[in-house]
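> Sharing a model prediction with you, sequence too.
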Amino acid sequence: MYKRDKYLNELIESKNNGFVKVITGIRRCGKSTLLDNIYRQYLLDNGIFNSDIIFMDLSDTGNTKYCDPIYLNDYILKLTEDQSRYFYVFLDEIQHVYSIVNPNLTGGKHRKARKEDTEIISFVNTVLGLSKRKNIDIYVTGSNSKMLSKDIITEFRDKATEIHMKPFSFEEFYEVSGMEKEEAFSEYMLHGGMPLAISKKSETDKEKYLKDLYELTYIKDIVEYNHFRNEGALSELGRFLASNVGQFSNPTNIANTFESSRKQKLDRETVESYIGAFENAFVITKGERYDINGKRYIGANYKYYFADPGLRNACLNFNEEDSGKVMENIIYNELVYKGYSVDVGLVEINEPNANGNTVRKQLEVDFIATKGNKKYYIQSAFEMNDEKKKMAEKRSLMNIKDFNKRILVTRLPQKPRIDEDGIVHIGVTDLLCLDDLGIL
């Protein structure tokens, strides 16, 4: 069993704080293991009796009855009725608990709520009610961000602590892999950090697992949860996003691309809905575009990154390596894992064209990483084979007008050094294993 110290420590810090602990994250990233194995062992090691820990997997068909929020509430209250004992309650895959219309309005019958119903009882009511009990510390996991939509967050009213879990970061993978750093990075670029993929011995087994996980779990879940009718179009969109990791796009452009080059009709609204579903399932994350010198967000175009490089490659049947895109995706994920807020940037410049006229150009900065009052500009450059390529990669960084640290990341190992333009050069594996960018 692999340790996930970052998330274990977050649980320990929030233990007995009176709030619901909500663990979110993509399916199969290890949420259940974190609770029922790693955190359970921590509790046992610190004097908690196993009989005082209650674990329920609400995706288990044996627990179907308790997907009704009232029946779930009654069942947990019965298990914890001994007020002389203190219980740790783990409710796994809480999104399977559906909402019902208040039975007081239906003659006591339990009727599943429809979209238009307003007087409803949801898992939020159950969880918040249980959290008020003096002898219960409650933890829930969920694999879909709709369980934490704006409406539900409003219902929680700061009565919950969210812990968002991801697949293994490169830093975590390297620590458990037993490989040399560069060998570990090559493996991670290809197969990523999904816990069960790591445990597979052969390349064939890893790739079969990842392809099955993507198609038979994520795609099927998204289709069923959102009641989509065109699974083929959803899969095709996933392949488009995977192939275009790190490139600016928007629903309108994607819809036009499907119609012109893929001969498939998808309107903008459908594309937008599909992308939102991938985001809600934590399969992809959207990077927003920020004008660095103008100090403002610019809508319309976004970059999309996959939660795990192995899943990205599985989506493409391991046929499109494109190491530069994958490296950029890994850097993005690692920055988020280490607590940075990450945007994608642009710098506008004015320069003369061949006719001597001044024209405005936009230069991209891959990442703006912010934590507290610290900000870093990061450019990912897989290869810099000559001086021309190096200057092209540095160009956007050199046109930033403020004095925050600028970092150029390359594939080859390289300890940090500062060049004549004040830009820090560093190899990707050295960057990913830093605890804090501030030490550069």
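It's in.
> For the stretch 101-250 of the chain, which segments count as strands?
Under the criterion DSSP state E, counting those that start in this stretch, the stretch 101-250 of the chain carries strands at the ranges 120-121, 136-142, 160-164.
> Redo these as a markdown table? Include mean neighbour count.
For every residue, glycine as well, the C-beta is placed using N, CA and C. Supplementary listing: those in a markdown table, determined by neighbours: other Cβ atoms under 10 Å:
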| stretch | mean neighbour count |
| --- | --- |
| strand 120-121 | 19 |
| strand 136-142 | 24 |
| strand 160-164 | 18 |
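> Any idea which of those gets closest to Glu420?
strand 160-164 (40.4 Å; Cβ to Cβ).
> For the closest one, name the packing helices and strands.
With contacts taken as 3 or more Cβ pairs under 8 Å, 6 or more residues apart in numbering; DSSP states H and E, strand 160-164 sits against helix 5-14, strand 20-24.
> among those, which is the most enclosed?
Each of those was given a mean neighbour count from mean count of other Cβ atoms under 10 Å, and the largest, a mean of 23, is that of strand 20-24.
> what lines up beside it in the sheet?
The strands beside strand 20-24 in its sheet (DSSP bridges) come out as strand 136-142 (parallel), strand 160-164 (parallel).
> follow-up on the earlier one: output the helices and strands packed on strand 160-164 in TSV; the columns should cover mean pLDDT and distance to Tyr377.
TSV is the format used below for the helices and strands packed on strand 160-164 (pLDDT from 0 to 100; distance: least, Cβ to Cβ, whole Å):
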stretch	mean pLDDT	distance to Tyr377
helix 5-14	97	25
strand 20-24	91	29
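> Next up, phi/psi of Phe90, please.
Phe90 adopts backbone torsions of phi -110, psi 110, taken as degrees, to the nearest 10.
> and whichever strand in the chain runs longest, what does it pack onto?
Using DSSP state E to define each element, the chain has its longest strand at strand 358-371. Contacts of strand 358-371 with other secondary structure elements, assessed using 3+ Cβ pairs under 8 Å, 6+ apart, are made with helix 323-337, strand 341-352, strand 374-381, helix 387-398.
> Distance to Ala255, mean pLDDT and mean neighbour count for these - can I get that in a markdown table?
As requested, the helices and strands packed on strand 358-371 are exported to a markdown table (distance: least, Cβ to Cβ, whole Å; pLDDT from 0 to 100; neighbours: other Cβ atoms under 10 Å):
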| stretch | distance to Ala255 | mean pLDDT | mean neighbour count |
| --- | --- | --- | --- |
| helix 323-337 | 22 | 97 | 22 |
| strand 341-352 | 22 | 90 | 16 |
| strand 374-381 | 28 | 97 | 20 |
| helix 387-398 | 29 | 90 | 15 |
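> Between these, which one is closest to Cys29.
When the helices and strands packed on strand 358-371 are ranked by distance to Cys29, counting by Cβ to Cβ, first place goes to helix 323-337 at 11.7 Å.
> Quick one, which of the strands of the stretch 101-250 of the chain gets closest to Lys374.
Between Lys374 and the strands of the stretch 101-250 of the chain, the tightest spacing by Cβ to Cβ is seen for strand 160-164, at 21.0 Å.
> what mean pLDDT would you report for the closest one?
Averaging pLDDT along strand 160-164 yields 89.
> what's next to it, contact-wise?
Contacting residues not belonging to strand 160-164 are listed as 7, 10-11, 14, 17, 19-25, 148 [Cβ atoms under 8 Å, 6 or more residues apart in numbering].
> cool, stretch 271-285 as well?
Contacts made with stretch 271-285 from outside it, assessed by Cβ under 8 Å, 6+ apart, are listed as 24-27, 143-146, 218, 221-222, 225-226, 228, 233-234, 237-238, 241, 251, 254-255, 258, 286, 304-307, 311, 332, 336.
> For Gly422, grab the count of nearby residues.
Look at Gly422: counted by other Cβ atoms under 10 Å, it has 11 neighbours.
> and if you look at Phe19?
Phe19 has 17 neighbouring residues, counting by other Cβ under 10 Å.
> Would you map the helices across the stretch 201-350 of the chain?
Along the stretch 201-350 of the chain, counting by DSSP state H, counting those that start in this stretch, helices occupy 203-212, 220-226, 231-243, 251-260, 268-280, 309-315, 323-337.
> out of those helices, nearest to Asn46?
Each of the helices of the stretch 201-350 of the chain has some distance to Asn46 by Cβ to Cβ; the shortest is helix 323-337, at 26.4 Å.
> Run the angle between that closest one and strand 374-381 for me.
160 degrees (axes from the mean of the first three to the mean of the last three Cα atoms, to 10 degrees).
> Direction-wise, compare helix 323-337 with strand 358-371 and give the angle.
Interaxial angle, helix 323-337 versus strand 358-371 (the same axes, to 10 degrees): 50 degrees.
> Columns distance to Cys67 on top of the helices and strands packed on strand 160-164, output as CSV?
Written out in CSV, the entries for the helices and strands packed on strand 160-164 read as follows (distance: least, Cβ to Cβ, whole Å):
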stretch, distance to Cys67
helix 5-14, 25
strand 20-24, 18
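> Which one of these lies nearest to Val365?
Closest among the helices and strands packed on strand 160-164, using Cβ to Cβ: helix 5-14, at 27.2 Å.
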